[in-house]
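J.: just to be clear, the model below is a prediction. Sequence and coordinates:
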Amino acid sequence: MALLLTVFICSPGPARGAEGKSTQIKLDEVGYLPGSEKIAMVTAPAKTFEVKRASDNETVFKGELGPVSLDADAGDSVQIADFSKLRETGTYYLDVPGVGQSWTFSIRPDVFSRTYYLAMRAFYGQRCGTAVDLGPEFPGYTHPACHLKGEFHPSSGKQGERDNIGGWHDAGDYGRYVVNSGITTGTVLWTWEIFGAKLEGIKLNLPESGNGTPDILNEARWNLEWMLQMQDDDGGAWHKQASEHFPGFVMPEDDHLPSEVIGTGQPPYKSTCATADLAAVAAIAARVYAPFDAKFAARNLDAARKAWLWSEKFPNVTFRNPPGISTGEYGDDSCADERLWAAAELWRTTGDGTYNEYFLRLYPDFRSSLDAPAPEGWRNVAPMGLWTYALGARKGSDAAVVADIRKRTAQAAQAIVERTRKNPYRVSLLAKDYVWGSNGVVANYGMELLVANALAPDPSFVEAALDNLHYLLGRNTFSLSWVTQVGANPYRHPHHRPSGADKNPEPWPGLLSGGPNAGRQDDVLKKLPAGLPPAKVYADDQGSYASNEIAINWQAALVFLLAGTLP
Ligand SMILES: [Zn+2]
């Protein structure tokens, strides 16, 4: 990585990537939709460009580069190559005289189908409590069942065994956390609700494939079943199930640290944020699974109602890691937004006026959160609550509130579109957004734009969502695709234990990297040159957990964004 950075910052000559391609031409290495904008960025001085067909090197498009603009976040001088008028299906590359050639990319209506498949199937690769095998497509990407035992930690208020088997490994580690599972599973279920018609026939080659339920729901159920087991008899949900400290870089079946159900350490032991997140997600599941498995849907609704009642009784029991626990915390000072989301989803599913009243009572406190130019995330789920109230408007919903949510969401999206167009790399990130998981912020801006499009359709929202996808797939300062095994120049060293511990030369496929992080919380980032602009504070290094870890929450936002691009 140090070498790569040296090339970018100091080299006056053309920068070459692994295959002799120029890293000074930045484009979506997967490609572009025929009817959408097609823009690449060039960061070396040049005047013209050509698009050539890969099969015979024929020039199919010629153009002039746009004026130079300085991207302050990356410290790059950027010129735009616009070949939007090229609509013919095919595989191409850019040739920029004096600079070099780009990696190849495609123009096709289904150009992102394979990426969607890999990104959604990556959740299967994260399955805990079962043997995983990616099959003949990825020979060697396999492991036996892991974490087949669980036990209560003293902080949970109980003792003895608790065999909560299943769920998804949260990130590069093997913990399972209800709060992060909440936003993740909720986002995946929303992907189905909003884009189901595009997804219905897409097989993910899961053990359950062909059982009559769409595969995206088969996969989401794996985590839902575990989440439901995290609910205690009184309705509350324990915050997390993880070891006391992170294991080494071993395969999951070789992690023998006890998998402990961890609570708050004092009555009522469960946390409100986890419980309300469970209520929200189980309420979505109750309506989504109803056509496929009425019994499972009913089980979810029962869990959601019980969780809601518990959260009424204990409206803000927050969680901090008890002494001796150093795995993921997902701590949050306020669970009011989680409760707002739960109320909105329960109202949307049941039509029970209690939830509507609660939502409307809290609405004035939360409506302004739609105006702030920051997308949703595990700590802030208020937008999910507000959007679902408008998306699922029904008899009894407050029409003025629905209209207000629609208007505010559209206005916020318009502001994001405007600044994305002005950004030299056409990404929605602000300088302050280059934080831990900045690629997740990018994907969540994409999701926010597509939700806005669902509420108040506007083609510019979709174009800006695609801009964010292009950034993740190679149109960035590193010319790097931030999804493993996707694109001609993907990152290769995620902070992901199975990728690090197995014998395969390439990492597990379809996983989104956390991305540039000006916070530099790990030793790899701390050693990067001082004064790097925020977009360049990244290392494709397994040790950089603060810039190169994978995580299910930003994976889910990527899946949502990709689903929106499918034909
Ligand atoms: Zn496991």
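T.: Looks like it arrived, so ask away. All figures in this text were calculated on a predicted structure; none of them were measured in a lab. Numbers count the residues shown, from 1 in each chain.

J.: not including adjacent chain positions, what is the nearest residue to the residue of the stretch 151-300 of the chain found nearest the ion?
T.: With Cβ to the ion as the measure, P252 is the residue of the stretch 151-300 of the chain nearest to the ion, at 4.3 Å. All C-beta atoms are positioned from the backbone trio N, CA, C, and that covers glycine. Excluding the flanking residues, the one nearest P252 by Cβ to Cβ, 6 or more residues apart in numbering is C146, at 3.5 Å.

J.: am I right that the one you found is in contact with L257?
T.: No - look at C146 against L257 with Cβ atoms under 8 Å: they stay out of range, at 11.4 Å.

J.: after the longest helix along the chain, which helix or strand is next?
T.: Identified as the longest helix of the chain according to DSSP state H is helix 399-422. Using DSSP states H and E, the helix or strand that follows helix 399-422 towards the C-terminus is helix 438-455.

J.: helices or strands up against that following helix?
T.: helix 178-199, helix 382-391, helix 399-422, helix 459-472, helix 552-565 (3 or more Cβ pairs under 8 Å, 6 or more residues apart in numbering; DSSP states H and E).

J.: tell me which of those sits most buried.
T.: helix 552-565 (a mean of 27; mean count of other Cβ atoms under 10 Å).

J.: can you list the residues of this structure near the ion?
T.: Counting by Cβ under 5 Å from the ion, the chain comes close to the ion at 128, 146-147, 252.

J.: kindly recompute the last result at 8 Å.
T.: Residues of the chain found near the ion (Cβ under 8 Å from the ion) are 127-129, 145-147, 169, 174, 252-253, 255, 259.

J.: and these, which of them are buried?
T.: 127-129, 146-147, 169, 174, 252, 255, 259 (16 or more other Cβ atoms under 10 Å).

J.: for those residues, give me JSON lines that also has pLDDT and secondary structure.
T.: Formatted as JSON lines, these follow (pLDDT from 0 to 100; DSSP: H, G, I helix; E, B strand; the rest coil):
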{"residue": "R127", "pLDDT": "98", "secondary structure": "strand"}
{"residue": "C128", "pLDDT": "98", "secondary structure": "coil"}
{"residue": "G129", "pLDDT": "98", "secondary structure": "coil"}
{"residue": "C146", "pLDDT": "98", "secondary structure": "coil"}
{"residue": "H147", "pLDDT": "97", "secondary structure": "coil"}
{"residue": "H169", "pLDDT": "98", "secondary structure": "coil"}
{"residue": "Y174", "pLDDT": "97", "secondary structure": "coil"}
{"residue": "P252", "pLDDT": "98", "secondary structure": "helix"}
{"residue": "D255", "pLDDT": "97", "secondary structure": "coil"}
{"residue": "S259", "pLDDT": "96", "secondary structure": "coil"}
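
J.: wait, which of the residues you listed is closest to E88?
T.: R127 (40.7 Å; Cβ to Cβ).

J.: beta partners for the closest one?
T.: Bridge pairing for R127 (DSSP bridges) gives the partners W168.

J.: could you find the closest non-adjacent residue to R339?
T.: Excluding its sequence neighbours, the residue lying closest to R339 (Cβ to Cβ, 6+ apart) is A276, at 4.7 Å.

J.: and the angle for the helix or strand encompassing the one you found with helix 178-199?
T.: For A276, the host element (DSSP H and E) is helix 272-288. Here helix 272-288 runs at an angle of 20 degrees relative to helix 178-199 (axes from the mean of the first three to the mean of the last three Cα atoms, to 10 degrees).
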